[in-house]
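>>> okay, predicted coordinates and the sequence, questions at the end:
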Amino acid sequence: MLAVTSDFFGGIRATSRQRAGGFLALRAPRRKMRITIVNTDDDSLFAHLLQWRAAGKAAALATVVSTWGSSPRPEGSHLAVDDAGHFLGSVSGGCIEGAVIDAAAQVMASGRPQLLEFGVSDEQAWQVGLACGGRVQVFVEPVE
Amino acid sequence: MKRTTLARIAAAEQRRQPLMLVTRLGDGAQCLLDAAGCEGELPLSAEQLAEARGLLGSGRSSSLAGAAGLFARAYVPSPRLLIVGAVHIAQALAPMAAAAGFEVVVIDPRGAFASAERFPGVQLSDEWPDEALARLGLDDATALVALSHDPKLDDPALELALPSALFYIGALGSRRTHEKRLERLRAAGLGELTGRIHSPIGLDLGGRAPAEIAVSILAEVIQVRYRGDRVATGA
């Protein structure tokens, strides 16, 4: 679903095996429950956030709150992250997810939300490759 | 985000009820807005409330124009396609619609048709269509296609579908089949609503194979979803 290399995981880096295993494990219960193929995005994300919190995991929710120019994901798109670096959903075509997951780790630690901005004029965005030339603002909040 | 807020959004999604979350980006204060009212630690002015309600009505997420730093996220039911008749075309249509983001339910009380072997990974209902539709609910994010060719299955589904909020209703069948169907629906007192039925079903792509017909049906459903009925019918 997301083409993010392990370099982007920074402080909460997970091995590719953990990520893949974690992701499959997260998807499986939903299929059992609803016995249906569904779109992979925001749909089941809140159910998963509830499960993470019920299991005692810290979690953060990222939301695209503004876009300028061409950006791959519309306003309102979500990415949910837990304290082991598992994530669901997307806030871009994959280019800024690593940086957002990094920020999510800080947000979980501090308990304070952050407003991130990525764009062509932003050095960090160049590094993480928002190649589409747009700008995007992402709000990252802790989930109580 | 508070735990109660998270739980309410998850529950609303499950029940296919629209809900809006307004967040103040400066400090993360939030309130939830639904048909009943606004709840949470973030107070909204009458103007902001009206704007948020407007966005919720159209299912759009956006910053509120009148106020800097307020973001409104609309949670609306995901699109759903109910397929009556677990027939050959349904076998092609169900996975295509799922790939296009639809929640898909195939309804057919004939167990030999609606089997997991024929529909791997697809939600199946072996209820009679009228029972299944009453249980599933016919909201305006849902489309229904009657493909069974059997009036015993298609007609009860259409009788419930016609007066409902469904955004799309389609029925498979030749012109002659459809004429007979219209006669039966008129006799059932639904004459004024029969114009809602897309028949011949699907955009005219020229294909005849089941998968090609499935593409034309899905294309028409998507077109009506985004552009409304007028474009699709050419009226």
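Received it, and whenever you're ready, just let me know what you need. Numbers count the residues shown, from 1 in each chain, chains lettered A, B, ... in the order given.
>>> ranges for the strands of chain B?
In chain B, the strands defined using DSSP state E lie at B:19-24, B:30-34, B:37-40, B:62-63, B:70-75, B:80-84, B:103-107, B:123-125, B:142-146, B:168-171, B:197-198.
>>> what's the closest of those strands to A:L79?
Closest approach to A:L79 among the strands of chain B (Cβ to Cβ): strand B:70-75, 13.3 Å. For glycine as for every other residue, the C-beta is placed from the backbone atoms N, C-alpha and C.
>>> returning to what we had before: columns mean pLDDT and distance to B:R225 on top of the strands of chain B, output as JSON lines?
Formatted as JSON lines, the strands of chain B follow (pLDDT from 0 to 100; distance: least, Cβ to Cβ, whole Å):
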{"stretch": "strand B:19-24", "mean pLDDT": "96", "distance to B:R225": "20"}
{"stretch": "strand B:30-34", "mean pLDDT": "95", "distance to B:R225": "23"}
{"stretch": "strand B:37-40", "mean pLDDT": "91", "distance to B:R225": "29"}
{"stretch": "strand B:62-63", "mean pLDDT": "94", "distance to B:R225": "20"}
{"stretch": "strand B:70-75", "mean pLDDT": "96", "distance to B:R225": "16"}
{"stretch": "strand B:80-84", "mean pLDDT": "98", "distance to B:R225": "10"}
{"stretch": "strand B:103-107", "mean pLDDT": "96", "distance to B:R225": "13"}
{"stretch": "strand B:123-125", "mean pLDDT": "95", "distance to B:R225": "20"}
{"stretch": "strand B:142-146", "mean pLDDT": "98", "distance to B:R225": "7"}
{"stretch": "strand B:168-171", "mean pLDDT": "98", "distance to B:R225": "7"}
{"stretch": "strand B:197-198", "mean pLDDT": "96", "distance to B:R225": "13"}
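>>> let me have the ones you listed in CSV, adding distance to A:S66 and mean neighbour count as columns.
Compiled in CSV, the strands of chain B are given as follows (distance: least, Cβ to Cβ, whole Å; neighbours: other Cβ atoms under 10 Å in any protein chain shown):
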stretch, distance to A:S66, mean neighbour count
strand B:19-24, 13, 23
strand B:30-34, 17, 20
strand B:37-40, 22, 14
strand B:62-63, 6, 19
strand B:70-75, 8, 24
strand B:80-84, 30, 27
strand B:103-107, 29, 26
strand B:123-125, 36, 21
strand B:142-146, 31, 28
strand B:168-171, 32, 25
strand B:197-198, 38, 22
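>>> how about the ones you listed in JSON lines, adding distance to B:A46?
JSON lines is the format used below for the strands of chain B (distance: least, Cβ to Cβ, whole Å):
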{"stretch": "strand B:19-24", "distance to B:A46": "14"}
{"stretch": "strand B:30-34", "distance to B:A46": "13"}
{"stretch": "strand B:37-40", "distance to B:A46": "11"}
{"stretch": "strand B:62-63", "distance to B:A46": "18"}
{"stretch": "strand B:70-75", "distance to B:A46": "14"}
{"stretch": "strand B:80-84", "distance to B:A46": "34"}
{"stretch": "strand B:103-107", "distance to B:A46": "36"}
{"stretch": "strand B:123-125", "distance to B:A46": "43"}
{"stretch": "strand B:142-146", "distance to B:A46": "33"}
{"stretch": "strand B:168-171", "distance to B:A46": "36"}
{"stretch": "strand B:197-198", "distance to B:A46": "42"}
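>>> make JSON lines out of those and add distance to chain A.
Output for the strands of chain B, formatted as JSON lines (distance: least, Cβ to the nearest Cβ, whole Å):
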{"stretch": "strand B:19-24", "distance to chain A": "7"}
{"stretch": "strand B:30-34", "distance to chain A": "9"}
{"stretch": "strand B:37-40", "distance to chain A": "13"}
{"stretch": "strand B:62-63", "distance to chain A": "6"}
{"stretch": "strand B:70-75", "distance to chain A": "4"}
{"stretch": "strand B:80-84", "distance to chain A": "10"}
{"stretch": "strand B:103-107", "distance to chain A": "6"}
{"stretch": "strand B:123-125", "distance to chain A": "4"}
{"stretch": "strand B:142-146", "distance to chain A": "14"}
{"stretch": "strand B:168-171", "distance to chain A": "18"}
{"stretch": "strand B:197-198", "distance to chain A": "24"}
